[in-house]
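Q: Could you work out the structure for the sequence below:
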Amino acid sequence: MNKFFIIIIIFVIPLTALASDTKDGIFDQKKELEKIQNQVNQGMKKIDSLKNEAHSTQKKIAGYDEKIATNKKVINRLNGQLRKLENDASLAQNELGNNELNLERSRRRYLGNIRQFYFATHQSKSTVNNLVNSEIELKRQIKYLAALSGFESGNVEQAVQFLEQSVENLDELTGQTKKVKGLRRKKETSTSLERSKKV
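A: Next up, the predicted model:
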């Protein structure tokens, strides 16, 4: 009987201790698993957050690229306008030069006719020749010179108007060119800013 009791004690106590150790081990393993599970969950949340951040960044970059592309189109259009304006301004400058030349020529002809008119009228007063034919011829010449002077006076006025119009055209083209250059400068600055945001 004692032997049986001793055998039971020998086997039962270690089994009880083993069961207790196994129970503690399972509990520890469960805690360890829960800890790992929490770390995995946190890692997944971090990955989701990084994915969202990457998506948001890609969206922003796409927005910058779109603005840059739009600005490039506007800059190209403004460059086309500038080329046309500069060409028109060059033509207007040439026209202005031609009109200045025409005005100078008209003034010279007008002044030449006035001089001739003066000499003709002066000659009619100082002439001692009383011949009728000579006087009639002189009066005709005076009439002709007066008409010619009037004609040249009209040419001078017309040349002045053309010159004033040329100056106005050139001023307007110069103003438009400055405006377009200002717009192009703004778009170029905007494009540089959008590019710097991508970095």
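Q: in stretch 36-56, what counts as buried?
A: By 16 or more other Cβ atoms under 10 Å, stretch 36-56 has no buried positions at all. Any C-beta I mention is one placed from the backbone N, CA and C, and that applies to glycine too.
Q: what about it, average pLDDT?
A: Average pLDDT, stretch 36-56: 84.
Q: could you pull out the helices for the protein?
A: Along the chain, counting by DSSP state H, helices occupy 2-126, 132-198.
Q: helices or strands up against the shortest one?
A: It refers to helix 132-198. helix 2-126 (3 or more Cβ pairs under 8 Å, 6 or more residues apart in numbering; DSSP states H and E).
Q: now the angle between helix 132-198 and the helix it packs on, please.
A: With axes from the mean of the first three to the mean of the last three Cα atoms, to 10 degrees applied, the angle from helix 2-126 to helix 132-198 works out at 170 degrees.
Q: quick one: low-confidence parts of the chain?
A: Across the chain, residues meeting the criterion (pLDDT under 70) sit at 1-25, 117, 120-139, 141-142, 145-146, 148-149, 199.
Q: what about 50?
A: 124-132 (pLDDT under 50).
Q: how near is residue 109 to residue 78?
A: 46 Å (Cβ to Cβ, to the nearest Å).
Q: picking up where we left off before, tell me the most buried of the helices of the chain?
A: helix 132-198 (a mean of 14; mean count of other Cβ atoms under 10 Å).
Q: chain center to that helix: distance?
A: Helix 132-198 sits 29 Å away from the centroid of its parent chain (Cα atoms, centre = their mean, to the nearest Å).
Q: what residues are up against the closest residue to residue 78 other than its chain neighbours?
A: Among residues not flanking residue 78 along the chain, residue 184 sits closest, at 4.3 Å (Cβ to Cβ, 6 or more residues apart in numbering). Residues in contact with residue 184 (Cβ atoms under 8 Å, 6 or more residues apart in numbering) are 75, 78, 79, 82.
Q: Since that was my last question, I'll sign off now.
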